[in-house]
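> Sequence and predicted model, in that order:
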Amino acid sequence: MSAPVSFLSANIDLLRPADILSVRLHAGLTQDEAAALVGLGSRTRWAEYENGTRRPESSRWELFLLKSGLHPEFTLRRRPNGRRSG
């Protein structure tokens, strides 16, 4: 099951706090897990995104969508055998 595309918009100006909550729940993550996924020090900042006192940076929202597997355009995949390029 995929989340509605309107929730997955990378345009942060279109997202409401309820959308951020819905996407996190759809991803099956707690606030702690969502915060850790995008490099936030604690769930407090993520809670601020969900209650509307702060808005996530668009790059952080994109990172969340990518790492949670919900990005509408791109999918991350692991390299074979954990090899790095370069």
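Yep, it's here.
> any idea how far residue 40 is from the residue most central in space within the chain?
What sits nearest the mean C-alpha location of the chain, by CA atoms, centre = their mean, is residue 64, with 2.3 Å. Residue 64 is 10 Å from residue 40, where distance means CB to CB, to the nearest Å. Glycine gets a C-beta too; all of them are placed from N, C-alpha and C.
> ok, now residue 52?
17 Å.
> Next, count neighbours for the closest residue to residue 51 other than its chain neighbours.
Residue nearest to residue 51 in three dimensions, not counting chain neighbours: residue 17, with 6.0 Å by CB to CB, 6 or more residues apart in numbering. Using other CB atoms under 10 Å, residue 17 has 15 other residues around it.
> same check, this time on residue 60
By other CB under 10 Å, neighbour count at residue 60 equals 18.
> element containing it?
helix 58-68 (DSSP states H and E).
> where along this protein do the helices fall?
17-27, 31-37, 43-51, 58-68 (DSSP state H).
> Residue 81: which of those helices is closest?
Checking these against residue 81 by CB to CB gives helix 58-68 as the closest, at 20.9 Å.
> Output the contacting helices and strands for the closest one.
Helices and strands touching helix 58-68, by 3 or more CB pairs under 8 Å, 6 or more residues apart in numbering; DSSP states H and E, are helix 17-27, helix 31-37.
> Send over the first one as CSV, restricted to the C-alpha atoms.
I take that to be helix 17-27. Extracted in CSV, the C-alpha atoms of helix 17-27 (Å, rounded to 0.1, in the frame of the first residue of the first chain):
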residue,chain,number,x,y,z
PRO,A,17,1.7,18.9,10.2
ALA,A,18,-1.0,16.3,9.9
ASP,A,19,0.6,15.2,6.6
ILE,A,20,4.0,14.7,8.2
LEU,A,21,2.4,12.6,11.0
SER,A,22,0.4,10.6,8.4
VAL,A,23,3.6,9.8,6.3
ARG,A,24,5.5,8.8,9.4
LEU,A,25,2.8,6.5,10.5
HIS,A,26,2.5,5.1,7.0
ALA,A,27,6.2,4.4,7.2
